[in-house]
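Engineer: Build me a model from this:
(one chain, ligands or ions: 1)
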Amino acid sequence: MASPLHHVIIGSGSAGFGAAVTLRKGDPDCRISMMTMDSLPFYNRYDLPQIFQGRSDWRDMLAVPPTFFDENRITLRRHNRVVEVDGVARRIRLAHQETVGFDTLLVCSGGRAYVPENLTDKLPLMHGMGSYEAVMRLYRDLPQGGHAIFIGGDMIGIDLMLMLVKTGYSVTLITTPQTLWPHEVSDEKRGKILAALADKGVTVVDSARPVGIDAGSDQGAARVVTLEDGTEINGDVVVPACGLVASVEFMLRAGVDIERGLLVNPELGTSNEAIWAAGDVCQIWNDEDKVYQFCHGWKNVRIMGELAAGNMQGTHRDFDVRVEDRIDLDEAGNIVSTFWEH
Ligand SMILES: Cc1cc2nc3c(=O)[nH]c(=O)nc-3n(C[C@H](O)[C@H](O)[C@H](O)COP(=O)(O)OP(=O)(O)OC[C@H]3O[C@@H](n4cnc5c(N)ncnc54)[C@H](O)[C@@H]3O)c2cc1C
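Structural biologist: Okay, the predicted model is just below:
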């Protein structure tokens, strides 16, 4: 009897989780291994701002009970970092040296916060918001009513900023070219959205490049951000919110094509027939415009994971890259974005 197929998924976010569920539905006998650097099983990252409303117990964050994985015979390996993929020998190498073979590999490794080049050496002085652990660290380090300085103002950051203002913190937004990422809007609309943020209580510093971040003194502010014109802004935490870069480092020797993300065809297959990709990590071929494009957004990445998994099992469905992308203000002046639709 042939041994069951072994599907390995890198990443336990929305794309990876959707894929694992689909693979199990499609084949009750296959082996499914999910590798993740996360410490928690699957949760909805868009819920993380709610930590500031007191929803800070990790158990409340989980999207499914921890038993879900055993019940569905999905081997979830947490705190496991994949450092290399060998696309010819069909195996992945983990940071602790173990290698794991696969019949098919689905890469759903998402993205990490982009930090402007001139500030990368200041990363240790910044607070990320990409995971439960990161947002909990922010929550602990930001004193009640304290001051958070956001650099960038992508849609993930704006969501968090609005929550902070609502829950009694003060927020300064220093804009960058990535403000409102992943939306691309006219200057006129950008101005209106920034004005709406100011109306909500965010202090907007527009068109002044941040050039330095320093740790303040014990007596004064914990962080000092210096702008190009010499202005200094004091705060308690600094949060980079300049969009995402795809997490592809471990794929560089896998022998698949990479531009900024993993390049995939509309069925989400890479240039290696055993390797697929879904979610924020991949750039999908848009045959109409003849370009590879990212399709960020929660709804999209979940659909990508499910679709890639189905295609790995033999269906042939294309991902529709014409995803809705809209940001506006409603009549009450609230920001409405397709990125925030779940
Ligand atoms: C605070 C916050 C709020 C958000 N709000 C919204 C929102 O309102 N709407 C929206 O559309 N999106 C939102 N997002 C973005 C959304 O979460 C992402 O688009 C989505 O999570 C991407 O899913 P993914 O499965 O592609 O990757 P991710 O969810 O980023 O998951 C990546 C996975 O890959 C794993 N991984 C990465 N590298 C390795 C490696 N080398 N080895 C092993 N595992 C690895 C990680 O541990 C993780 O499990 C928000 C994100 C955050 C952080």
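
Engineer: Give me the nearest residue to Gly11, chain neighbours excluded.
Structural biologist: Across the structure, with C-beta to C-beta, 6 or more residues apart in numbering as the measure, the residue nearest Gly11 apart from its sequence neighbours is Cys108 (3.5 Å). (Each C-beta comes from the backbone N, C-alpha and C, glycine too.)

Engineer: quick one: contacts for the one you found?
Structural biologist: Contacts of Cys108 were listed using C-beta atoms under 8 Å, 6 or more residues apart in numbering, and they are 9-13, 15-16, 19, 277-279, 281, 301, 305.

Engineer: Can you tell me which of those has the most neighbours?
Structural biologist: The residue in the contacts of Cys108 with the most neighbours, by other C-beta atoms under 10 Å, is Ala278 (36 neighbours).

Engineer: any idea how far that residue is from Arg223?
Structural biologist: 37 Å (C-beta to C-beta, to the nearest Å).

Engineer: try Phe52
Structural biologist: Look at Phe52 and Arg223: by C-beta to C-beta, they are 19 Å apart.

Engineer: What of Gly157?
Structural biologist: In this structure, Gly157 and Arg223 are 16 Å apart, going by C-beta to C-beta.

Engineer: okay, the two: which has more neighbours?
Structural biologist: Set side by side, Gly157 and Arg223 show unequal neighbour counts under other C-beta under 10 Å, the larger going to Gly157 at 26 against 23.

Engineer: Let me know the secondary structure of the more buried one.
Structural biologist: The assignment at Gly157 comes out as helix when based on DSSP: H, G, I helix; E, B strand; the rest coil.

Engineer: That one reaches Gly243, doesn't it?
Structural biologist: No - using C-beta atoms under 8 Å, Gly157 is not in contact with Gly243, being 9.2 Å away.

Engineer: Nearest residue to Ile275 in space, ignoring adjacent ones along the chain?
Structural biologist: What sits nearest to Ile275 in space, not counting adjacent residues and going by C-beta to C-beta, 6+ apart, is Leu105, at 4.8 Å.

Engineer: can you tell me the average pLDDT over the one helix or strand that neighbour maps to?
Structural biologist: Using DSSP states H and E, Leu105 falls within strand 104-107. Average pLDDT, strand 104-107: 98.

Engineer: cool, stretch 66-79 as well?
Structural biologist: Confidence over stretch 66-79 (mean pLDDT, whole number) is 97.

Engineer: Enumerate every residue touching the residue nearest to the spatial centre of the chain.
Structural biologist: In the chain, the centroid-proximal residue (C-alpha atoms, centre = their mean) is Gly111; its distance is 4.8 Å. With contact set as C-beta under 8 Å, 6+ apart, Gly111 has these partners: 244-247, 280-281.

Engineer: one step back: farthest-apart pair in the contacts of Cys108, please.
Structural biologist: For those, the farthest-apart pair by C-beta to C-beta is Ser12 and Ala277; their separation is 15.0 Å.

Engineer: Pretty sure His342 sits against Asn300.
Structural biologist: No - in this structure His342 lies outside contact range of Asn300 using C-beta under 8 Å: 11.1 Å.

Engineer: The helix or strand containing Val83: what's the following helix or strand?
Structural biologist: When elements are defined using DSSP H and E, Val83 is found to belong to strand 82-86. Taking DSSP H and E as the definition, the helix or strand that follows strand 82-86 towards the C-terminus is strand 91-94.

Engineer: avg pLDDT for that next one?
Structural biologist: Looking at strand 91-94 alone, the average pLDDT works out to 98.

Engineer: That strand - contacts with which helices or strands?
Structural biologist: Judged by 3 or more C-beta pairs under 8 Å, 6 or more residues apart in numbering; DSSP states H and E, strand 91-94 is in contact with strand 82-86, strand 99-101.

Engineer: can I get those in CSV with mean neighbour count, mean pLDDT and distance to Glu273?
Structural biologist: CSV is the format used below for the helices and strands packed on strand 91-94 (neighbours: other C-beta atoms under 10 Å; pLDDT from 0 to 100; distance: least, C-beta to C-beta, whole Å):
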stretch, mean neighbour count, mean pLDDT, distance to Glu273
strand 82-86, 18, 98, 14
strand 99-101, 14, 98, 16
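
Engineer: of those, which approaches the ligand most closely?
Structural biologist: Closest approach to the ligand among the helices and strands packed on strand 91-94 is made by strand 82-86 (3.7 Å; C-beta to the nearest ligand atom).

Engineer: List the strands paired with the closest one, with their directions.
Structural biologist: Within its sheet, strand 82-86 is paired with strand 91-94 (antiparallel), according to DSSP bridges.

Engineer: one step back: can you work out which residues contact both of Gly157 and Gly243?
Structural biologist: Shared contacts of Gly157 and Gly243, defined by C-beta under 8 Å, 6+ apart, are absent.

Engineer: So the closest residue to the ligand within the stretch 201-342 of the chain versus Gly157, what's the distance?
Structural biologist: Nearest residue of the stretch 201-342 of the chain to the ligand (C-beta to the nearest ligand atom) works out as Gly279 at 2.3 Å. Relative to Gly157, Gly279 is positioned 20 Å away (criterion: C-beta to C-beta).
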